[in-house]
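Trainee: no sequence on this one, just coordinates:
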């Protein structure tokens, strides 16, 4: 209908907003992993001074937001809207976590794709002129997620090799509207822009194994990646990296097959956050990391710095979610997937 | 920062989008209530042909969407983005409900305020030019909600007088962008516009009684209503009605007191959907109706027709949500509230 909308599901912003700062907070296992030195804050006991896993997750969200604001020297009351979510029932980690910031907020749920959903809406709101600053935040916690989806940790139940290890972490992103008339000398502007988005739809191949989320999510990742290519007239050649959220080792191989079936080959360009955040040999996380926090902290600590520096000029960031609850899979429902694509670009000059 | 943003939390759209159609689907108790004859579809056994309450809720969402589309003669593939949510853990009623429509979607969670959240984001996206049509849908189901938040129905546990009765219902709203150059002769345009929004923040007075949601949500309703007045330079005199979601009898009296404390008196203008949908004398729902579906079906069946006809020229629609889960209140956390304000206006002439 206009220059912004592209194809069926995508938007390319005329005035692409910036990610001006990002922050990552994680637990101890993540701190011991390959990205450990890149995180802004970690906790040895995974409790962050709280009494419960849920409170700990809320604390992570708050700390990630405060860090992202602090890095950009922006106060909470300068943020127009916050977009946040987590994996827990009724999104309590977010509700309790961002409460103290007193920012008008939209609660989101997209399973492990929520960081993409939050960045999409924050970018859309900033690009539309609905405010100068938007904040996007997501989190997950191994302890609260095991309790929510599987068994309390005390049961020490065994996990199949296709299972993921939920990342204890929260990533927050400060998004700023692009305005040509702004005085850039007084404010920090980054080299990272949200150039566009491809909003995902629910993709269901009928899989019912909640312990094999990689397989459940791979079709959604393929759908969003191929849709992004088609909507924007691109292919894998137009991206330096195509980075999924948490398909893991099982999901990655399925994704490669599915994408090849559509005539593309992303093998040379693909990274998966769930395979990046933990070391396969030494950390015993089976299929890899997962959770709302997995893609978020990997983006904040590892991906954004590479775009900021110009090492990567254009990245398609595709967090992936498996849509289910203990009730849905106990009632025999399948586990559909969803994935949202965020086009991140290095801009060589500030405005 | 520009003409769109107003005050701290509000937006007034330059080209206000239209709600071109709305649909309501409810259960049998709602069908027996004061609004019963206004609903588009009801089910005698509250199962809608499904085997479980959760599946029934998903079916309601799908039917509400299909009805809203059908009324406007719009196909699902003409919808750019869908904004939807429900009360169940991990939003499964929405994920499974809208899956068949194959519309790119954003999953939301704002407890019983979700219909406001969905309409706000649908309106914001349409007004920004991100697509011609957006769809907003929410639902709740008495059976699935009792299981999710309280006890399975088979326990027949007693409810305190401050407790609400979760509405079995789903409301869907088709939002269309305003475009001056459009040929109105070929398409249906309504007389109802989303003129603006006031996005709510989390308000926590420290209450911990999950069986008294009206008291937990009233402060958030006050906060959003007063913020709307101040952001837009208005008072209760500028609205024909101020309509909260599901404060019920307990919450309404608290709201009146809190609002009076801020120097406004909304008693002559206030309606609460939770008090409207059930008959207090004969239906024994204690504090009134509640749930994501309560405000949504009341808006679709009762409020929108009055704006469409011009009986009400301007309405502030304020769905209210109590942010909690069984985990959060069992761990001793308080029950904060959130409320989103939607300014709905009658426009006398189509474009």
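Mentor: Structure's in. What do you need? Values in this document were obtained by computation on a predicted structure and should not be read as measured data.
Trainee: For the stretch 251-351 of chain A, which segments count as strands?
Mentor: Ranges of strands in the stretch 251-351 of chain A, per DSSP state E, counting those that start in this stretch, are A:270-272, A:289-290, A:314-318, A:320-322, A:337-339, A:341-346.
Trainee: closest to residue B:209 out of those?
Mentor: strand A:320-322 (33.3 Å; Cβ to Cβ). Quick note: C-beta positions are derived from backbone N, CA and C, even for glycine.
Trainee: Do the closest one and chain B come into contact?
Mentor: No: using Cβ under 8 Å from any Cβ of the partner chain, strand A:320-322 stays clear of chain B, coming no nearer than 8.5 Å.
Trainee: And the residue nearest the centre of chain A?
Mentor: Geometric centre of chain A, nearest residue: residue A:115, 3.2 Å, by Cα atoms, centre = their mean.
Trainee: picking up where we left off before, now the strands of the stretch 251-351 of chain A as CSV including mean neighbour count, distance to residue B:333 and mean pLDDT?
Mentor: Converted to CSV, the strands of the stretch 251-351 of chain A look like this (neighbours: other Cβ atoms under 10 Å in any protein chain shown; distance: least, Cβ to Cβ, whole Å; pLDDT from 0 to 100):
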stretch, mean neighbour count, distance to residue B:333, mean pLDDT
strand A:270-272, 22, 34, 98
strand A:289-290, 34, 25, 97
strand A:314-318, 25, 33, 98
strand A:320-322, 33, 25, 98
strand A:337-339, 34, 29, 98
strand A:341-346, 24, 32, 98
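Trainee: Pairing partners for the strand or helix carrying residue A:242, with directions?
Mentor: Here residue A:242 sits within strand A:241-244, counting by DSSP states H and E. Looking at strand A:241-244 with DSSP bridges, its partner strands are strand A:270-272 (parallel), strand A:314-318 (parallel).
Trainee: can you tell me which residues contact residue A:279?
Mentor: Shown in contact with residue A:279 (Cβ atoms under 8 Å, 6 or more residues apart in numbering or on different chains): A:33, A:34.
Trainee: pLDDT weak spots in the stretch 51-200 of chain A?
Mentor: Within the stretch 51-200 of chain A, the segments meeting pLDDT under 70 span A:180-188.
Trainee: Mind jotting down where the strands sit in it?
Mentor: Here the stretch 51-200 of chain A has its strands, by DSSP E, counting those that start in this stretch, at A:79-85, A:105-108, A:133-140, A:165-166, A:169-176, A:192-198.
Trainee: Quick check: residue A:34 touching residue A:273?
Mentor: No: Residue A:34 lies out of contact with residue A:273 (Cβ atoms under 8 Å); the separation is 11.4 Å.
Trainee: higher neighbour count, these two?
Mentor: The residue with more neighbours, out of residue A:34 and residue A:273, is residue A:273; 33 against 16, by other Cβ atoms under 10 Å in any protein chain shown.
Trainee: What sits closest to that one if chain neighbours are left out?
Mentor: Of all residues not flanking residue A:273 in the chain, residue A:298 sits nearest, at 3.8 Å (Cβ to Cβ, 6 or more residues apart in numbering or on different chains).
Trainee: just residue A:53 next, same as before
Mentor: Nearest residue to residue A:53 in three dimensions, chain neighbours excluded: residue A:143, at 3.4 Å (Cβ to Cβ, 6+ apart).
Trainee: and that neighbour, how many neighbours?
Mentor: Close neighbours of residue A:143, defined as other Cβ under 10 Å, add up to 19.
Trainee: Likewise for residue A:102?
Mentor: 15.
Trainee: what sits against the spatially closest residue to residue A:95 that is not a sequence neighbour?
Mentor: Leaving out its chain neighbours, the residue that sits closest to residue A:95 by Cβ to Cβ, 6+ apart is residue B:323, at 4.0 Å. Counting by Cβ under 8 Å, 6+ apart, residue B:323 makes contact with A:90, A:91, A:92, A:95, A:96, A:107, B:111, B:202, B:335, B:336, B:337, B:338.
Trainee: Closest to residue A:314 out of those?
Mentor: Proximity of the contacts of residue B:323 to residue A:314 (Cβ to Cβ) peaks at residue A:107, which lies at 30.6 Å.
Trainee: okay but the closest one is in contact with residue B:106, surely?
Mentor: No: using Cβ under 8 Å as the test, residue A:107 is too far from residue B:106 to be in contact (11.1 Å).
Trainee: coming back round to it: between the strands of the stretch 51-200 of chain A, which one is nearest to chain B?
Mentor: With Cβ to the nearest Cβ as the measure, strand A:105-108 is the member of the strands of the stretch 51-200 of chain A nearest chain B (4.3 Å).
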